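Q: Sequence first, then the predicted structure, then my questions.
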Protein chains: 4
Amino acid sequence: MFRFTPQEQYTMPAHFGPRTNKMSSGWYHHVTSLVVSYRTDREKLAAYLPKPFEVADDATISVVYACNKEVDWLAGHGYNLISVNASVVFNGAVDHLQGFYTLVMWENLTDPILMGREVQGIPKIYADIPDHAMVNGTWRVKASHFSHGIMAMTVSSLVDPTLEEITGLQESMVDKDNWMGWKYIPNPDGVGASVTMPTLFPAETTYSAVQIGTGSVAWEHLEWEQNPTQYHIVNALADLPVLEYLPAVMTKGSTNLAVEGKPVRELK
Amino acid sequence: MFRFTPQEQYTMPAHFGPRTNKMSSGWYHHVTSLVVSYRTDREKLAAYLPKPFEVADDATISVVYACNKEVDWLAGHGYNLISVNASVVFNGAVDHLQGFYTLVMWENLTDPILMGREVQGIPKIYADIPDHAMVNGTWRVKASHFSHGIMAMTVSSLVDPTLEEITGLQESMVDKDNWMGWKYIPNPDGVGASVTMPTLFPAETTYSAVQIGTGSVAWEHLEWEQNPTQYHIVNALADLPVLEYLPAVMTKGSTNLAVEGKPVRELK
Amino acid sequence: MFRFTPQEQYTMPAHFGPRTNKMSSGWYHHVTSLVVSYRTDREKLAAYLPKPFEVADDATISVVYACNKEVDWLAGHGYNLISVNASVVFNGAVDHLQGFYTLVMWENLTDPILMGREVQGIPKIYADIPDHAMVNGTWRVKASHFSHGIMAMTVSSLVDPTLEEITGLQESMVDKDNWMGWKYIPNPDGVGASVTMPTLFPAETTYSAVQIGTGSVAWEHLEWEQNPTQYHIVNALADLPVLEYLPAVMTKGSTNLAVEGKPVRELK
Amino acid sequence: MFRFTPQEQYTMPAHFGPRTNKMSSGWYHHVTSLVVSYRTDREKLAAYLPKPFEVADDATISVVYACNKEVDWLAGHGYNLISVNASVVFNGAVDHLQGFYTLVMWENLTDPILMGREVQGIPKIYADIPDHAMVNGTWRVKASHFSHGIMAMTVSSLVDPTLEEITGLQESMVDKDNWMGWKYIPNPDGVGASVTMPTLFPAETTYSAVQIGTGSVAWEHLEWEQNPTQYHIVNALADLPVLEYLPAVMTKGSTNLAVEGKPVRELK
């Protein structure tokens, strides 16, 4: 007979035993990221934020592409992701935080999708996301699913930042380095929730290179027939207007998703 | 502000609205399946069954490959799966059922993996599963992940069944047509569970063709470095001895996973 | 020392020995195809036909999607293709034929691409071509490369043909069943050709099902950055106007690419 | 009517016009490579060398994995390759060269496979080759096709080289930097050749990092059913004995395949 052991970490299928972490850490050793941010319409963005999340003063969307290589818990394999994050304030009964609420995160590998959804409550879904292409100084990123495009991101004119720009990055990226989501697990019949709660998931990053340039994101409009499980998500993002692009950022570095002393937790 | 609507069906990301089912059903219109079953060691199998599941008298493992085409909820796209099921008895305080406990189900598309895990509690994980190959009367199926093999299944010598064999299939497949799993959702910090319960998920199938033959399954033994998220599952299955193969079955038909009046439910 | 054996069939790498055909045939046992044909501008189409090919009276483009399963020479594996064919007359010094000139053929498996190009001279190139989707009576096909779409094909309203329509199919498909291409192999420095010749490649097909309906093809316009090796091909096809769609055809059956007594040959 | 323009560079389909190189070069800007070399049996290796190639004194096989990123002619996309090269001497009527004869080269993208085969005569074929994994100081590479493994390569204990070791690399890698193959294009009926000749294809490489360690290669033995187009190649390589491993090498740098003033040419 199989018995659950308290204090162990299980995911389905649980009956083959808990996850073994002995040979791995939370470190992603080689991460290349591109970030394109833009201000959008406050009212339209607010429609996607469950209470007590509120749109932050800058009403900004940050689209992050990350090419993750040498991921310890994947035995050194890697994967790519595209996350779409709203700058928010969490105004809870207990917790008051400024940071990013992850509206959606596409990844091209199922394993981190399952962990991210079922443990941290990050709304990860699948897309084909090839490694970025880079030619003539322009970086290009593309996501698609069921052979239909989701979005394209372009970053170019990258240069080393000034001290002033580094300070700006510090404020926009580091001081608001709280990543939040809404964990939701339906009941077995699909109606209503067994779990529904806001969550906070930490990350620490070290940078070996940072450059600043210009970027843009083009979202597709899709029919149900083209992407039956995601078309409503893509259309919602396509309908959030781009009022103004902020400087785009390219970084190289390492990220740790298992920060000592900072467990993922429910926000209250 | 986003508000959840009662009676709607959400999955993450929930804030873009509930799943729309208006244009789809639970039907998989073209399903080709291969089933290879074998008796195994009762004690070893029992080690993977949480209480109140018990190994059935026949102590049988059924490995099912299904090539699903024309799936309504995927707008007519398809995907492949390999599930490993133990014949069990559920002896709960309320429910007493004979059927199959799904030890693990590999699928080559993330969308049904997410739905199956988070709604029904089916322990679905990802694998590359190409469509079966068929040459010279032999059907071959293969699963791999991170470029490392998981298993290979072969079925051959398929012939139309006798009336006696059809009756045998009736008993082994239809009379025990209760599919069960264990839904487990961890807490946000990974330790302990927000949801942990046995579940029952119905299916109805109509057959346009059934044939009987001989089959075999070969499981790999893997190191953590070869398949860091699944090696312990594959090794556990490889270590369940094949004491005797039962007749292999090939079927073509249609399957409905949203049976009217039979919602997925918790077993008690 | 490796020596070539006369009468054997080699492809690169040749030094490991000739192709072994002992266990295989030219048969593709399960082929599902969709054909969408349309009349186009005669002058514009003529620009892509090397002499002595000429545009046939009907000035028609036939776009063929084929889902090939149980392919003998691939040990029962399969692959998908989309070919674009012009109805032509070959007016050579010796040969005078009516049939189809293959402008381009996309396939989602490299092995038949290499054979088709280097032996028969079929202009095969790679694309991601998932199996067709079918929902609510509509069949959909999609091709892409480097994550950028190439074309989408839709076929619907399929019904069994009348005797008159079968006769029409006979005339358009069978009586002109000569498939032709232009084999071109560059010199080692890329300039000029080692091989440049028109070729004829036979096929025989048996049909288990034929239906007739309506269809359409939508070609993308692409930049070099989106599909650097194929953008000029896709743009050329997108710029061939659709003057009138002909009835679309869906077939199921078997195809043999190694027809006894009809070797592939140079046209003169 | 389509007409070929002299001095232009065509590949099939040729009738859409010559290759445009205006926006690209021969440079691969980011190449990470792993090289595992071993001495093998001279007689067995000689069986795969067409005259006038001869096994070099060291009778060495070099297996090269390259992860190519930012490839100019692919608009900044990349691909991976695994090549197997024999150290040889070319003793022709005119040319006398020491270098490497490429026995086979697997690549995970069809576009460079077509160019390499049809222009340079490099025996490229397809395999799934994921980016290398790197964990705990060990680099791992894997190739498979039709879901069946071809080979696995491991490199570890990498350290910066001594001056003596750099000199050794100079001798083994640079002084013999002649890459050779056998271009072979069959006649349209498959029997006999339209083109059969030895070729020399140049490359220039600059290194930003070089490290030396230990490595190994494990080849699979395969049946026709597992990999019908390549099993004889894999088995031939698996049967070449590893008599002694040489130091393994890891490099990072840039490679140019269109070296000014050094066109690909036939060897005489």
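A: Noted; the coordinates are in hand. Residues are numbered from 1 along each chain as shown, chains lettered A, B, ... in the order given.

Q: use CA for all of it now, contacts and neighbours both
A: Will do.

Q: Which residue, neighbours along the chain excluded, lies closest to residue A:209?
A: Spatial nearest neighbour of residue A:209, excluding adjacent residues (Cα to Cα, 6 or more residues apart in numbering or on different chains): residue A:252 at 5.0 Å.

Q: ugh, wrong one, residue A:94
A: Nearest residue to residue A:94 in three dimensions, chain neighbours excluded: residue A:268, at 5.3 Å (Cα to Cα, 6+ apart).

Q: what sits against the residue nearest to residue A:209?
A: Applying Cα atoms under 8 Å, 6 or more residues apart in numbering or on different chains to residue A:252 gives the contacts A:30, A:31, A:32, A:33, A:207, A:208, A:209, A:210.

Q: I'd like those residues as JSON lines, with distance to residue A:117 and secondary structure appended.
A: Below are these laid out as JSON lines (distance: Cα to Cα, whole Å; DSSP: H, G, I helix; E, B strand; the rest coil):
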{"residue": "A:30", "distance to residue A:117": "23", "secondary structure": "strand"}
{"residue": "A:31", "distance to residue A:117": "21", "secondary structure": "strand"}
{"residue": "A:32", "distance to residue A:117": "23", "secondary structure": "strand"}
{"residue": "A:33", "distance to residue A:117": "22", "secondary structure": "strand"}
{"residue": "A:207", "distance to residue A:117": "27", "secondary structure": "strand"}
{"residue": "A:208", "distance to residue A:117": "29", "secondary structure": "strand"}
{"residue": "A:209", "distance to residue A:117": "30", "secondary structure": "strand"}
{"residue": "A:210", "distance to residue A:117": "30", "secondary structure": "strand"}
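
Q: sorry, back to before: what's the separation between the residue nearest to residue A:94 and chain C?
A: From residue A:268 across to chain C, the span is 42 Å (Cα to the nearest Cα, to the nearest Å).

Q: And for residue A:145?
A: Taken as Cα to the nearest Cα, the span from residue A:145 to chain C is 9 Å.

Q: and what of residue A:42?
A: According to Cα to the nearest Cα, residue A:42 and chain C sit 32 Å apart.

Q: Go ahead and confirm that residue touches residue A:59.
A: Yes - shown here, residue A:42 and residue A:59 form a contact pair, counting by Cα atoms under 8 Å, at 5.6 Å.

Q: circling back: for the contacts of residue A:252, which single residue is the most surrounded?
A: Neighbour counts for the contacts of residue A:252 were taken using other Cα atoms under 10 Å in any protein chain shown; the highest belongs to residue A:31, which has 24 neighbours.

Q: Spit out the contact partners of that residue.
A: Applying Cα under 8 Å, 6+ apart, the residues contacting residue A:31 are A:66, A:67, A:68, A:69, A:251, A:252, A:253, A:254, A:255.

Q: and the third one, bridged to which residues?
A: For residue A:68, the beta-bridge partners are residue A:31, residue A:79 (DSSP bridges).

Q: Check the fifth one too.
A: When assigned by DSSP bridges, residue A:251 has beta-bridge partners residue A:33, residue A:210.

Q: how many other residues sit next to it?
A: Using other Cα under 10 Å, residue A:251 has 18 other residues around it.

Q: Enumerate every residue touching it.
A: Applying Cα under 8 Å, 6+ apart, we find residue A:251 in contact with A:31, A:32, A:33, A:34, A:207, A:208, A:209, A:210, A:211.

Q: Apply 6 Å and report the result again.
A: For residue A:251, the contact set (Cα atoms under 6 Å, 6 or more residues apart in numbering or on different chains) comprises A:32, A:33, A:209, A:210.

Q: picking up where we left off before, isn't there a helix covering the residue nearest to residue A:94?
A: No - assignment of residue A:268 by DSSP: H, G, I helix; E, B strand; the rest coil gives coil, placing it outside any helix.

Q: what's the nearest residue to the most centrally placed residue in chain A if we skip its chain neighbours?
A: Within chain A, one residue has its C-alpha closest to the average C-alpha position: by Cα atoms, centre = their mean, that is residue A:83, at 3.6 Å. The spatially closest residue to residue A:83, leaving aside those adjacent along the chain, is residue A:105, at 4.0 Å (Cα to Cα, 6+ apart).

Q: Show me which residues of chain A are close to chain B?
A: When proximity is defined by Cα under 6 Å from any Cα of the partner chain, chain A lies next to chain B at A:1-2, A:7-9, A:12-13, A:15, A:46-50, A:74-75, A:118-120, A:123, A:185-186, A:188-191, A:225, A:228, A:263-265.

Q: Which members of those residues are positioned in strands?
A: A:185, A:186, A:265 (DSSP state E).

Q: any chance of those in CSV, with pLDDT, neighbour count and distance to residue D:259 too?
A: Formatted as CSV, the entries for these read as follows, by pLDDT from 0 to 100; neighbours: other Cα atoms under 10 Å in any protein chain shown; distance: Cα to Cα, whole Å:
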residue, pLDDT, neighbour count, distance to residue D:259
A:185, 97, 26, 58
A:186, 96, 20, 60
A:265, 95, 20, 57
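
Q: so which of those residues comes closest to chain D?
A: Here the nearest of those to chain D, counting by Cα to the nearest Cα, is residue A:265; it sits at 28.8 Å.

Q: Okay, and the beta partners of the closest one?
A: residue A:200.

Q: where's it relative to residue B:193, distance?
A: 13 Å (Cα to Cα, to the nearest Å).

Q: Please report how far residue A:122 lies from chain C.
A: If you go by Cα to the nearest Cα, the gap between residue A:122 and chain C works out to 25 Å.

Q: oh, I was asking about residue A:48
A: As it turns out, when the distance is counted by Cα to the nearest Cα, residue A:48 lies 29 Å from chain C.

Q: and that residue, what does it touch?
A: Applying Cα under 6 Å, 6+ apart to residue A:48 gives the contacts B:2, B:15.

Q: and with 8 Å instead?
A: Taking Cα under 8 Å, 6+ apart as the definition of contact, the neighbours of residue A:48 are A:103, B:1, B:2, B:15, B:16.
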